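Student: After the sequence you'll find the predicted model.
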Amino acid sequence: MTAPPSPDEGLSAADLAAKYGLSVSGARPSLVEYVRQLWDRRHFILAFSRAKLTAQYSQAKLGQLWQVVTPLLNAAVYFFVFGVILEADRGMPREVYIPFLVTGVFVFTFTQSSVMAGVRAISGNLGLVRALHFPRASLPVSFALQQLQQLLFSMVVLFAVTVAFGSYPDLSWALIVPALGLQFCFNTGLALIMARAGAKTPDLAQLMPFVMRTWMYASGVMYSIPIMLADKPSWIANVLQWNPAAIYMDLMRFAMIDGYGSENLPDHVWAIAGGWAVLFALGGFVYFWKAEERYGRG
Amino acid sequence: MADHTTEARIPTVIADDLHIVYRVNGAKTGKGSATAALSRMLKRGSDGDARGVRKVHAVRGVSFIAYRGEAIGLIGSNGSGKSTLLRAIAGLLPAESGRVYTDGQPSLLGVNAALMNDLTGERNVILGGLAMGMTREQIKERYQEIVDFSGINEKGDFITLPMRTYSSGMAARLRFSIAAAKDHDVLMIDEALATGDRKFQKRSEERIRELRKQAGTVFLVSHNNKSIRDTCDRVLWLERGELRMDGPTDEVLKEYEKFTGK
């Protein structure tokens, strides 16, 4: 082992690195720099989400048709169980209840699948994380985006169902756009939080389905919260109605269904919807970024 | 340390007492049954460190300095920590302790993990390029080059078919072609890249030489002593995660061959 004679002899590794302007490999960038890097990767994020979406059904004979058929079958099952067998449609005429239920199922599924994809975003893609450089937030954001595209397919079904039960497109349908936008922000933030948690504890992937199911039953996907809880203290209904899943479902129902008016919405509904979105999007992003240099550890 | 010239040598990669530890879940005591896992949990309580987690100390205190213009070979028996060391230099595996300083962003040659078998070769070229950080324009510019280099279309229009329909050789060729399409500052090449038939092997070796010329510093992991001798002027020999020897290629390879009993 020959040590070369050099003017740098005797310098410590850190000093030597400083002298030649070397930086620590794999260090976490500043928050601003991180946002910039993520923006630079926007094409990758979009391409990755679309690739995942396409790959999903590419082996099936019906191919991409399943994007629409799957949510339709889902809605049919829920209608059979809750509308026909359990008669959870209390207080609503059938032409309101069926679009009410289908909207609820689709909107909740959007959040649910974003969470489930988020949990596995890092832990299920360790190969990718350990092979290439990119801001790791690209993965959860990309998965949330994939779910948004999936939902847009479901919207075709939703429009058809709503129109079939007598609610025709009018000006209030324009509210779908801000409602979906806010929910997407909320979902992305939640996916980022779940991605960090799932990277540390992969077991969450086993646990989350139960958490999500509890959340679904508590959020009034298949029943109206104020009507079902009419004989309970009013704060219970209020708390349930303010939870983000219920808020986003109610906004979408209000926008689309003629027989579902503003009397079904809690007070300050848009402020609450915006608050949840901002809180989770910003909080989730910062929380995810804080552990950036640790993703990929075995 | 090939040239002992007096001109100032510029370091590009500095590894300072680097340790890498993998944590493997559910590999402790060899018993994987649910009851075993439960009893472990009960016994150890919430002691997060010990619950069925086994540590593998893959790299132990490696230090070296690589300079601009060097081509460094990494040798050692299977499981000696060569690939792990490469990933740590690239900043892809967080270090347990110690540090790696680098000039710019070192990159591993390889995009396998970003590609999807259910997508067409065409879309994989774009996806792989984006994953490596190329812009859409750069990919468009190089697209034809990548496809031609891979030779996928020599036997018909295969690039528009899903990658799962490719033979393993064809898929490997496409993967290499995508990976080799980007220029790198500090380039790291893991062994067994030159796959495919004889013709493609020749072509890819040539491409690696080209990439080497453009890159500032090159690391090459290989079990093929001939390719190390051909391309590298300095060799690091790792054994059990420790740096056993670091020096000019001939010296280290001689010792290594003695060690492996060749």
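Tutor: Arrived safely. Residues are numbered from 1 along each chain as shown, chains lettered A, B, ... in the order given.
Student: Please make it C-alpha for all contacts and neighbour counts, starting now.
Tutor: Noted.
Student: Tell me the helix or strand right after the host helix or strand of A:Ala195.
Tutor: A:Ala195 belongs to helix A:176-200 when elements are defined using DSSP states H and E. The C-terminal neighbour of helix A:176-200 among helices and strands, as given by DSSP H and E, is helix A:204-218.
Student: Tell me how far the most centrally placed residue in chain B lies from B:Phe219.
Tutor: By C-alpha atoms, centre = their mean, chain B has its centre lying nearest to B:Asp190, at 3.8 Å. With distances taken as C-alpha to C-alpha, to the nearest Å, B:Asp190 is found 8 Å from B:Phe219.
Student: and what of A:Thr188?
Tutor: A:Thr188 is 38 Å from B:Phe219, by C-alpha to C-alpha.
Student: what about these two, which has more around it?
Tutor: Neighbours were counted for A:Thr188 and for B:Phe219 using other C-alpha atoms under 10 Å in any protein chain shown; A:Thr188 has more, 31 against 25.
Student: Per-residue pLDDT of the more buried one, please?
Tutor: We have a pLDDT of 97 for A:Thr188.
Student: Contact partners for it?
Tutor: A:Ser114, A:Pro140, A:Val141, A:Ala144, A:Leu145, A:Phe280, A:Ala281, A:Gly284 (C-alpha atoms under 8 Å, 6 or more residues apart in numbering or on different chains).
Student: Try it again at 6 Å.
Tutor: A:Thr188 is in contact with A:Val141, A:Ala144, counting by C-alpha atoms under 6 Å, 6 or more residues apart in numbering or on different chains.
Student: if I look at it, how far off is B:Gly129?
Tutor: 25 Å.
Student: same question, B:Thr231
Tutor: 26 Å.
Student: ok, these two, which is more surrounded?
Tutor: B:Gly129 (26 against 19).
Student: Would you mind checking the average pLDDT for the longest helix along chain A?
Tutor: For chain A, the helix that runs over the most residues, judged by DSSP state H, is helix A:94-123. For helix A:94-123, the mean pLDDT works out to 91.
Student: Next SSE downstream of that helix?
Tutor: Helix A:94-123 is succeeded, C-terminally, by helix A:126-129 (DSSP H and E).
Student: Count the neighbours of residue 97 for me.
Tutor: All of this is about chain A. Neighbours of A:Tyr97 using other C-alpha under 10 Å come to 24.
Student: please go with chain B instead
Tutor: 14.
Student: quick one, phi/psi of it?
Tutor: Main-chain torsions, B:Ser97, degrees, to the nearest 10: phi -150, psi 170.
Student: Hmm, B:Val21 and it touching each other?
Tutor: No: B:Ser97 is not in contact with B:Val21 according to C-alpha atoms under 6 Å; the separation is 9.1 Å.
Student: which residue packs closest to A:Gln59, ignoring adjacent ones?
Tutor: B:Asp118 (7.7 Å; C-alpha to C-alpha, 6 or more residues apart in numbering or on different chains).
Student: Quick check: pLDDT value at the one you found.
Tutor: 88.
Student: what do you get for the one 5 residues further on?
Tutor: B:Arg123 carries a pLDDT score of 91 in this model.
Student: again with B:Ala194
Tutor: Value for B:Ala194, per-residue pLDDT: 56.
Student: B:Thr29 too?
Tutor: The confidence metric pLDDT takes the value 53 at B:Thr29.
Student: for B:Glu191, same thing?
Tutor: B:Glu191 carries a pLDDT value of 63.
Student: same deal with B:Gly76?
Tutor: The per-residue pLDDT of B:Gly76 was computed as 88.
Student: Helix, strand or coil: sort out the nearest residue to it once chain neighbours are set aside for me.
Tutor: In space, and not counting its chain neighbours, B:Gly76 is closest to B:Leu238: 5.0 Å by C-alpha to C-alpha, 6+ apart. Going by DSSP: H, G, I helix; E, B strand; the rest coil, the secondary structure assigned to B:Leu238 is strand.
Student: For B:Leu238, which residues are in contact?
Tutor: By C-alpha under 6 Å, 6+ apart, the residues touching B:Leu238 are B:Gly76, B:Ser80, B:Arg244.
Student: now, which of those sits nearest chain A?
Tutor: If you rank the contacts of B:Leu238 by distance to chain A using C-alpha to the nearest C-alpha, B:Arg244 comes first, at 10.5 Å.
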